[in-house]
Each structure stands twice: as structure tokens, then as C-alpha cells.
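Peer 1: what's the 3D shape of this:
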Amino acid sequence: MVIGNKKMKERVAMLLQKVVDEKMGSAEYQAAAAEWIEKKEDADETKRLAAILKPEIAKGAANGCPVCTELKTLDHYLIKRSQWIIGGDGASYDIGYGGLDHVLASGEDLNIFVIDTEVYSNTGGQASKATPLGAIAQFAAQGKRIKKKDLGMIATTYGYVYVAQVAMGADNAQCLKAFREAEAYHGPSLVIAYAPCINHGLKIKGGMGRSQEEERRAVECGYWHLWRYNPELAEQGQNPFSLDSKEPQWDKFQDFLMGEVRYLSVKKAYPEEADELFAEAQKMAQRRYQSYVRQTKMDWAE
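Peer 2: Just a heads-up that it's a prediction; the model follows:
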């Protein structure tokens, strides 16, 4: 769809160039056509210009202009489209990672939204590479023994991919800012959102009805972190990495784990192993947080 849309916009640009070169229609029409060619990747500007161009195109088509007649069939491409690919963590971290990586490597102007439930939610709750250390899942009945893959940081190594990690219940302003920046960025973007799932077995009163509160608690204790990586800042000699969540309250980490059945079940069935696993899970979370802190201290000045 992205490639198809890109080709159709190129056709629109070619036709509008004819309008300019051959001085078709009014001066306003010609000026708007030239401006659209220049600003066709700007959503707000194309929306403004489409309002000027569409009546002029319709008028020209009614008068028998062949260029305007073709443009009229393509006028729905005048406004820059917001194109998003949406997938879960199983498809993005795991079985479909090759496809996700291929899309990011294409350099095309599109957005990917990953809903991270940390498990294959739609196929029975199997463990994925997004499943954290210590969590119980299908194929990890005694708790997963290896740490979670950091998909976001892997994507930042390209250097030209906008990346953000969000949790709406923890900071809806940061979440909205990340989506806006991702959409505005001219290139591939990846937004990863923490998403409580029925497979987690939330113990909080209200269960899945309190998923936003669970997201808040996850960020508060350091289980999940909020950050953004904007390559445009690097081009300006600024640090592209922004750590948006506060210093975690690590004393709440173990209580957070015990608030979900996927961890509590391990504790009940394998108490001694669980203590070791959960201590290691907290250590891994702390290491990951410190790696993010180090990112904020990097000097990007040329």
C-alpha cells in the first residue's frame, strides 16, 4: 500500500507539473499546484492545498481539460496519508521480526505500531521473545529463563528510524507526543506500547478494566520505561534519545510482579526458583534502565 500510494502521488505530481508548465487555469491554481509539488510530504500543508486544488481541478475537468480529468480521478491522493502497520509482539519481536526489519530497512515513510502484550495473545498465550524473564506462559511453564528482547533499541541502531516506547496509562501526553512525532517524521517509525493482556491475570480489583492503572504501575516500578529516539535531533547535533519516565521506585517492583498471575503462579509452584528468577528480573530491569540513562548522557555535538 505504501509503495502504491507513493506511485500514485508521483503521478499526481507529474500532472500538476503540467498545470504549472502549461499555465493551465487560474494563477491561483498554478500557484497551488507548484506549492503542492514542493510540500507533498507535509500532511497539514497538503490538506490546506487540497481545499484550493480540488475545486480548480473539478472546474477544469468540467471544461474538458484532459489533465484535470485525470487529476479528478486521483484527487483523493492530494492529502498526505497517514499509513500505519499494526501488530502484536509475537509478530514483531518473534515470528514476523524479519518482515518488520525489512520494512524498517526500506527507509519508506511509514509507521509501525507494536502492541506489546509480552505473549502470543491470540494463539493461546505462548511465550515470545517479548516475554520477560520469570513470566509463566505456554512453553515456559516454570517461568521464562532468558530476558526480554529490546526491540526498540535494536531499531535505533539503523540511525534513521524514529522509535518510541510508550504506555498510555502511565503518561498519555508522552504517548500522544510520540505518535505525533512518528507521523511527522519523514521516514520509518516504530512505536511500541505496553499492553496488559488477559493472559497476564491482573489481580488488581477490576481486572482488565484497570489496564491503564496497570500500565501506570509498570512504569512507576521500572518494569516498563518510556523513551523516544528522534533521528532529526541527531542531524542537529543534539542527542536523539529522550528518557521520558522518572527514576523508578524499585521497592515496588516485586509487588508489581505479584499482582499478576503469570508471575504469582511461578511463586506458588516453584517458590525457591521464583525468588531467584524475580530477583534476576528486577536486576535486568535495572540494567536496562541504566543503559537508557547512559544514552541520555551521550554527546552528539559535532
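Peer 1: how about the helices in this protein?
Peer 2: With DSSP state H as the criterion, the chain has helices at 2-21, 27-39, 43-62, 66-74, 89, 97-106, 151-156, 172-184, 211-220, 231-235, 253-257, 261-269, 271-296.
Peer 1: For the first one, enumerate the helices and strands it packs against.
Peer 2: Here helix 2-21 touches helix 27-39, helix 66-74, going by 3 or more C-beta pairs under 8 Å, 6 or more residues apart in numbering; DSSP states H and E. For glycine as for every other residue, the C-beta is placed from the backbone atoms N, C-alpha and C.
Peer 1: Now mean pLDDT and distance to S245 too, for the ones you listed, in JSON lines please.
Peer 2: Shown next, in JSON lines, are these (pLDDT from 0 to 100; distance: least, C-beta to C-beta, whole Å):
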{"stretch": "helix 27-39", "mean pLDDT": "96", "distance to S245": "35"}
{"stretch": "helix 66-74", "mean pLDDT": "96", "distance to S245": "44"}
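Peer 1: related to what we said a few turns ago, highest mean neighbour count out of the helices of the chain?
Peer 2: With neighbours defined as mean count of other C-beta atoms under 10 Å, the helices of the chain peak in mean count at helix 89, which reaches a mean of 27.
Peer 1: Any idea how far that one is from the middle of the chain?
Peer 2: Centroid separation for helix 89 versus its chain: 12 Å, with C-alpha atoms, centre = their mean, to the nearest Å.
Peer 1: which other helices and strands contact it?
Peer 2: With contacts defined as 3+ C-beta pairs under 8 Å, 6+ apart, the packing partners of helix 89 are strand 111-116.
Peer 1: Give the pairing partners of the strand it packs on; include direction for each.
Peer 2: Strand pairing for strand 111-116, using DSSP bridges, gives strand 84-88 (parallel), strand 189-194 (parallel).
Peer 1: Out of the ones you listed, which gets the lowest mean score?
Peer 2: The minimum mean pLDDT among the strands paired with strand 111-116 belongs to strand 84-88 (a mean of 91).
Peer 1: coming back round to it: for the helices of the chain, which one sits closest to S82?
Peer 2: With C-beta to C-beta as the measure, helix 172-184 is the member of these nearest S82 (5.7 Å).
Peer 1: So what touches that closest one?
Peer 2: 43, 82, 111, 162, 164, 166-168, 189-191, 193, 226, 228, 230, 244 (C-beta atoms under 8 Å, 6 or more residues apart in numbering).
Peer 1: C-alpha coordinates for stretch 44-54, PDB please?
Peer 2: Taking Å, rounded to 0.1, in the frame of the first residue of the first chain, the C-alpha atoms of stretch 44-54 are listed here in PDB:
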ATOM      1  CA  ASP A  44      -1.100  19.900   7.200                       C
ATOM      2  CA  GLU A  45       0.000  21.700   4.100                       C
ATOM      3  CA  THR A  46      -1.400  19.200   1.600                       C
ATOM      4  CA  LYS A  47      -4.700  19.400   3.500                       C
ATOM      5  CA  ARG A  48      -4.800  23.100   3.000                       C
ATOM      6  CA  LEU A  49      -3.700  23.000  -0.600                       C
ATOM      7  CA  ALA A  50      -6.200  20.200  -1.500                       C
ATOM      8  CA  ALA A  51      -9.000  22.600  -0.500                       C
ATOM      9  CA  ILE A  52      -7.700  25.000  -3.100                       C
ATOM     10  CA  LEU A  53      -6.900  22.400  -5.800                       C
ATOM     11  CA  LYS A  54     -10.000  20.300  -5.800                       C
END
